[in-house]
Structures are given as structure tokens and as C-alpha cells.
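# Could you look at this predicted model? Sequence included:
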Amino acid sequence: MVKSKFAISIHILSLLSLSESEWLSSDIIAGSLNTNPALVRKELAALKEADLVEGKEGKNGGSRLTKPANNIYLSDVFQIVKENHIFGFSPNLPNPACPVGREINGALESLFDTIDQAVYEKLKHTTLAEFSAQFVT
């Protein structure tokens, strides 16, 4: 499930997009998120692995985008953070003797695929630059 990873990643990327010429430290980013820098570093690692963010160590180090924000789509971020489906299955295994229990997970799998694709289709029309523009004062 996507849970809060999408929101955290979009927050981080929005900050970076508005500071394209600067290296932002995990402390600065954490301050905006009102969280600890360790969580930020974990999410930055995933964004680095996806080649959306680069990092520089040291006193003047930090993170920045690897490409212009108008070349990053929200759907790119969705694909990075999406582990399974947006919605999750019941933690209990359904009863295979029940006509619903026997078929429910297959039916839900199909429904969840459709929902995930609809979300992706919606997000692929918005760039990070377009999304981040609402934060410019």
C-alpha cells in the first residue's frame, strides 16, 4: 500500500523543486515535514535509487533533483512508492468453503488493479513543477 510514502515523497520533491539551485539537508527537509531526519534519509534513498534525487555529503551537502521538475510526473513518484495495491487485502484468509470467501481475493485483485491504474492515469498528467507551483509565494 502507498500509505503516507507518496505524501512524504511529494513533500520532499516539492521542497527540492523550489530550491533547484541549492542542496537541501535532511535536517531542513525534516523541519518542513515536522519529522526526524532519519525518516527523510530513508525516503531520499528510495528517490535516489529511482534517479529522481542526487546527494552530496559533507558540510555543504544535501539533496537536489537530478532533472527539472517539469520532467518529473506525479505518476513517477506513485510507481516508486507503490509496493502493492493502494488498498490492502484482509489480513485473515477467507474461508475456502464459502462461495464468497473462495472467490473474494481474485475479485478484489482485479478491482484493485483497476483502481491503481486509474490513480496512475490521473497522476501522469501532473508534473512536479505544476504541483509545486502552488507553494510559490
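On my side now, so go ahead.
# is it true that N60 lies in a strand?
No: assessed with DSSP: H, G, I helix; E, B strand; the rest coil, N60 is coil; it does not lie in a strand.
# Give the full set of residues in contact with it.
Residues in contact with N60 (CB atoms under 8 Å, 6 or more residues apart in numbering) are W23. C-betas here are computed from N, CA, C, even on glycine.
# do L47 as well
9, 12-13, 53, 80.
# pLDDT value on it, please?
With respect to pLDDT, L47 has a value of 95.
# Next secondary structure after whatever helix or strand it lives in?
According to DSSP states H and E, L47 maps onto helix 37-49. As assigned by DSSP H and E, the chain's next helix or strand after helix 37-49 is strand 53-56.
# That next one: how far from the chain's middle?
17 Å (CA atoms, centre = their mean, to the nearest Å).
# contacting residues around the longest helix seen in the chain?
Taking DSSP state H as the criterion, the chain has its longest helix at helix 99-123. Residues outside helix 99-123 that contact it (CB under 8 Å, 6+ apart): 73-75, 77-79, 82, 85-87, 89, 94-96.
# Which one (most neighbours) among those?
Within the contacts of helix 99-123, neighbour counts (other CB atoms under 10 Å) peak at V77, which reaches 25 neighbours.
# Now the closest residue to it other than its chain neighbours: which helix or strand?
Nearest residue to V77, sequence neighbours excluded (CB to CB, 6 or more residues apart in numbering): S9, at 5.2 Å. Assigned by DSSP H and E, S9 falls within helix 5-17.
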